[in-house]
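Asker: The sequence and its predicted three-dimensional model are supplied below.
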Amino acid sequence: MSSVVDAGPRRRAGGERGRDLAGFREVQALAYECAEAVAAQLTPGVTEREAARMQRVWLRERGVRDWFHLPFAWFGDRTAFVGFKVPLQFFPTNRVLEPGMPYILDMAPVYQGFTADIGYSGSLGPNPVQEKLMADLRAHRELILTEVRERRPLREIYEDVERLMQRQGYANRHRAYPFGVIAHKVDQVKERRFNPHLFGFGTQSLKGLASDALHGHRDGWSPLWSPYKFSDHPPQPGLWAVEPHLGFRGTGAKFEELLVVTDSKDPAESAFWLDDELPHVKRWGREQAA
Amino acid sequence: MSGGLLKGARERWVRTGGVELCVAELGDSERPTVFLVHGYPDSKEVWSEVAVRLAEHFHVVLYDVRGHGRSTAPTPLRGGFTLEKLTDDFLAVADAVSPDGPVHLVGHDWGSVQAWEFTTVERTRGRIASFTSISGPSLDHFGHWIKKRMTRPTPRKVGQLLGQGAKSWYVYMLHTPVLPELAWRGPLGKQWPRLLARVEKVPAGGYPTPSLPSDAAHGAWLYRDNVRARLSRPRADAHAHAPVQLITPTGDMFLSPKLYDDLEQWVPSVTRRTVAAKHWVPRTRPDQLAAWIGQFVRSVETPADKALAVPAKRGKRADAYAQRFAGQLVLVTGAASGIGRATAFAFAEAGARVVAVDRDGEGASRTAELAALIGAPEAWGEQVDVSDEAAMEKLAEKVAAEYGIVDVLVNNAGIGLSGSFFATTSEDWKKVLDVNLWGVIHGCRIFGAQMAERGQGGHIVNTASAAAYQPSKALPAYSTSKAAVLMLSECLRAELAGQGIGVSAICPGFVNTNITATARFAGVDAEEEKRRQKRTSRLYGLRNYPPEKVADAILGAVLTNRAVVPVTPEARGAHLLSRFTPKALRAIARLEPPV
C-alpha cells in the first residue's frame, strides 16, 4: 500500500506524501508524453502491433522497466471494441491504420516504482465523430469527480456515468474491460531486476492488485470499480486509474488518468485529479476559450 | 415556346443525318446541362415531371429520339436506328445546346441503352460529364453478361439467365415483322394508357402523348437494328469514360437487378441507387429521381461534395441500405433514446435525412446532432408529444413545408405499463393507449396522408411488440395497445398497397432500452415501482439485446417491404408458437414475471 492515502495529503505540500504524488505525476506525464510522441509518428500503414512496440520502446529508452500492463493500441472500430468477446482481443493486432481512422493508445508504465495508466485517443486526420466523443468526455470527468467527493458508492457512480453516456447517445465501452471496470486502483510497486508479465500485466502490479483485493474483500471494498455488487461501497482512499470509454457506431474514445482519493473531510481535498496538465484537459480548455 | 406537358420549354429543331430532331430546353442555360433521353415506347414528355423539378437548378435539355414524338423518322426505317446513328444525333443536339461544356446524361429504358453507348464510345469523350442510367443496360455489357453465364453455367447463373430471358419476352415479340406495328397502331396503342395505369400505376395527366402508336411502331426498329447484333458480338472496349449513377427500380418487370452485377468492370466509378418501384419511374417517382440526379450532378460539378458522397467501404447490407435510403427523408418518433435513436442513427448512416421526434426535445436534438455527424446530409430534432393530435398536425405541416414529404415514417414512440388488469386504473389505460396506439394512429393518419397524396410511394414502420401476440397477465394494457398497433399496421398495409406505400410492424421482444426504467407499474407504491423498474432494467440488461439490432431489422423491413418482423429470438419463437400452438403461449401468459 502506498503511504499517500493514509491521511489527507496536501497537493503541493512537501514531505513524503507530496513526494509520492510527485512521483505518480511524473510517470503519468511521461506516459502522456510518450502517447503524444507516438501519435505524432503514426502514419497510414502502421499496424497496431507496431504502434504498441513504438510505445514500449519509447518508454524503455526513458527508464521504464516494469509495467502495470503492456501498451495497447486500437485502430478503427477496435477503438469501440466492436465484436470483442474474449480478453485476448484487446491485444494489438495487424490492423492497419488508414487516413481518418480513430485510434487509442493505452499504456501503464511503472517508473521508479510509481505506476501510471493512461489512455490517449486521436485520429489520423480529422474525424468529427471522435472529436465529438472527446468533447463529450469532459462531462464524465466532472461527474466522476463530483460524485466521488460526495462519497457516493462506486457502483452508483458507475451507473450514473453509464446513464450520462446513454443520454449522450453513446454506448458504455468500458464494460468490455475485464470485470467491466471503469477504474482500478494503482499503487507503488517494488523495483526488481526481473519484471515478468502475465497476459500483458506486470506480475508486481498483479500482486499489488491481488493483495488489495484480499484486504478489500475482508473490509468490504474492491480495487476494481465495476458495475457489480462488490463495488457497492464508497470510494476507497488511494489512486484510481479512471477510464471512461465511449463508443459510438464503430468509433471509440477514452481518457484514462489518475484520480487521488483521500480520507480528508474537506471535499476539495477528499478527491482530485492528480494532474490537470494533460492533453485532453488542455484541449477542453482551448475549446472553451475558442 | 411549347405547351403540353413541358410548359414554358424553349423549342428548337436540330437537323442531322437526314432527320429533324425536336429539342426542348428548360431552365437557365448558364447552369450545368442535364440531358434527358427517353425510352421505348415514349417521347421526351415521359420526363416532363422530372424535367420541371430539375429545371429549378439546371439547364435541362430533352429531345425526341428519331422516329419518336415530333422528330422525323429516317427512311428507310431498317438500318436507320443503329446505335451509331443515335450517337450522331446525340452529338448534334449536344453541340447545338451546349457547344462549350460537357453534359450530364440521364437515360431511361432505351434512352439509357443509347446513353450507355454514348458514354462508352471514344468519339464522345469529353462531351459527357456524368451519366445516370435508369432501367436500361448497355447492350454490350448485357452481351458479355450472357456470354459469361453461358460459358460457365452454374445453377445460379442458369437461373439468372432464365429469369432475365423470361423478362425479355417483349423483345422477342418486337423482332417479328409487321405484327408489332399493326398491334401498336391498332388495339395495343389504344389500350396502352390504361395498361400503364393499371399495371405500372402510372398516374394520368397527359401522358402517354397521342404520338404513342407511331413512336412504338418506329421504335421497334431500335430493337431490330441493335439487339441481335450487339448481343451476339458485344464490344470488348465498352468502358465508360464518365462517372455513372445507376438507379435500379427493384420492381422492374423487364429487367433483373442481377444484370448490373458485373458493372464495376466497365465503369471506374459507379454510384448505385435502388428505388422500390416498377419500370416507369420517371412518371411514378419524379421527386426521388430529380433528387438523385441533382445530387449526382452536383457531386460531379463540385468534387468537394464527392468526398462526402462516396462512403468508406462497408458491408453488403450497409451498401444496400445506402443505395436505397440516400437522401430520403425519414421521420422517427421516440427518437431520444432506445430503438428510436438507434433507428435514426442507422438511417443516418445510410445517408438519409432524419427528423428525430420526441417529447424529450433535448434528447431529440442530440439524436439529430449525432445523426448529422455519421452521414445524414441534414438532421433535425423536434419536440412533440405523439399523443397530442394538434401538435402532430403542426409538426406535419412544418416538416412538409421545410423539409419535404416524409419517405419513411417510423412510429416508434411507446411507453411501458405493467400490472394486473384490476390494478390498472382507467387513467393508466388512457395514458398507455394515448401514446402507444393514438401516437401511431396520428402518425399514420397525418404523415401517411401526405405520403398517399404525393403518390410517389413511401414506407410506414410501426413499432409493435412481441407482446402483440404473446399474452401475459402482467402486461394487459401494454399488450392490448401493441396488438392494436399490429392489427392497424396489417389493415393499413392492405389499404396502402395499391399506392406503393409499404407498412411494416416490428415486434422487438426484450430489448435493452430505457423503456423499463420509465415504465409504470400499476398497483404498487412509488418505492416498489422504483424497485421493479430497477429490477426489470437489470434483467433486460442481462438479456442485453441491443436496440441497434432492432434498428437494423427496421431498415431491412423497409428494404424488403416485410409485413411483420419479430426481431429477438424470443419474439420469433413466440411468433411461431402463436401460429402453431397458441396454447403454449397461453400457458406462458399465466407465469408470474420475475420482478
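Answerer: Now that the structure is in, tell me what you want to look at.
Asker: need the residues of chain B near chain A, please.
Answerer: Applying Cβ under 8 Å from any Cβ of the partner chain, one finds that chain B approaches chain A through B:312, B:337, B:341, B:345, B:349, B:363, B:366-367, B:370, B:373-374, B:514. All C-beta spots, glycine's among them, are computed from the backbone N, C-alpha and C.
Asker: in the chain, what secondary structure element scores lowest on mean pLDDT?
Answerer: No chain specified, so I'll use chain A. Lowest mean confidence among the helices and strands of chain A (mean pLDDT, DSSP states H and E): strand A:197-198, at a mean of 84.
Asker: let's do chain B instead
Answerer: Min over SSEs of chain B, mean pLDDT, DSSP H and E: helix B:303-309 (a mean of 52).
Asker: Give the other helices and strands that the helix or strand just after it contacts.
Answerer: Next along the chain after helix B:303-309, taking DSSP states H and E as the criterion, comes helix B:316-325. Contact here means 3 or more Cβ pairs under 8 Å, 6 or more residues apart in numbering or on different chains; DSSP states H and E; on that basis helix B:316-325 packs against strand B:270-275, helix B:338-349, helix B:547-560.
Asker: at 7 Å instead, please
Answerer: strand B:270-275, helix B:547-560 (3 or more Cβ pairs under 7 Å, 6 or more residues apart in numbering or on different chains; DSSP states H and E).
Asker: wait, which of these is closest to B:Ser232?
Answerer: Closest approach to B:Ser232 among the helices and strands packed on helix B:316-325 is made by strand B:270-275 (25.8 Å; Cβ to Cβ).
Asker: what angle do that closest one and helix B:547-560 make?
Answerer: 80 degrees (axes from the mean of the first three to the mean of the last three Cα atoms, to 10 degrees).
Asker: what sits up against the helix or strand just after strand B:270-275?
Answerer: Using DSSP H and E, the helix or strand that follows strand B:270-275 towards the C-terminus is helix B:281-284. Outside helix B:281-284, the residues within contact range by Cβ atoms under 7 Å, 6 or more residues apart in numbering or on different chains are B:46-47, B:49-50, B:108, B:134, B:201-203, B:207, B:249, B:275, B:277-278, B:289, B:456.
Asker: With stretch A:180-194 instead?
Answerer: Contacting residues not belonging to stretch A:180-194 are listed as A:1-2, A:66, A:68, A:110, A:113-115, A:117, A:158, A:161, A:174, A:204-205, A:208, A:212, A:223-227, A:238-244, A:258 [Cβ under 7 Å, 6+ apart].
Asker: Work out the gap between it and the centre of the chain.
Answerer: The chain centre lies 12 Å from the centre of stretch A:180-194; the measure is Cα atoms, centre = their mean, to the nearest Å.
Asker: Could you check the pLDDT of B:Asp262?
Answerer: B:Asp262 carries a pLDDT score of 89 in this model.
Asker: That one touches B:Trp145, doesn't it?
Answerer: Yes: using Cβ atoms under 7 Å, B:Asp262 is in contact with B:Trp145, at 6.1 Å.
Asker: For these two, indicate the residue with more neighbours.
Answerer: For B:Asp262 versus B:Trp145, neighbours defined as other Cβ atoms under 10 Å in any protein chain shown are more numerous around B:Trp145 (25 against 12).
Asker: Check which helix or strand the more buried one maps to.
Answerer: Per DSSP H and E: helix B:139-151 holds B:Trp145.
Asker: Distance from that helix to the middle of the chain?
Answerer: 28 Å.
Asker: Can you point out the buried residues in the one helix or strand A:Arg283 maps to?
Answerer: Here A:Arg283 sits within helix A:279-289, counting by DSSP H and E. Neighbour-count burial for helix A:279-289 flags A:279-281, A:284 (criterion: 16 or more other Cβ atoms under 10 Å in any protein chain shown).
Asker: Among the residues you listed, which ones lie close to chain B?
Answerer: Counting by Cβ under 7 Å from any Cβ of the partner chain, the subset of the buried residues of helix A:279-289 that neighbours chain B is empty.
Asker: tell me which of those residues is nearest to chain B?
Answerer: Distance to chain B, by Cβ to the nearest Cβ, is smallest for A:Trp284 among those, at 18.2 Å.
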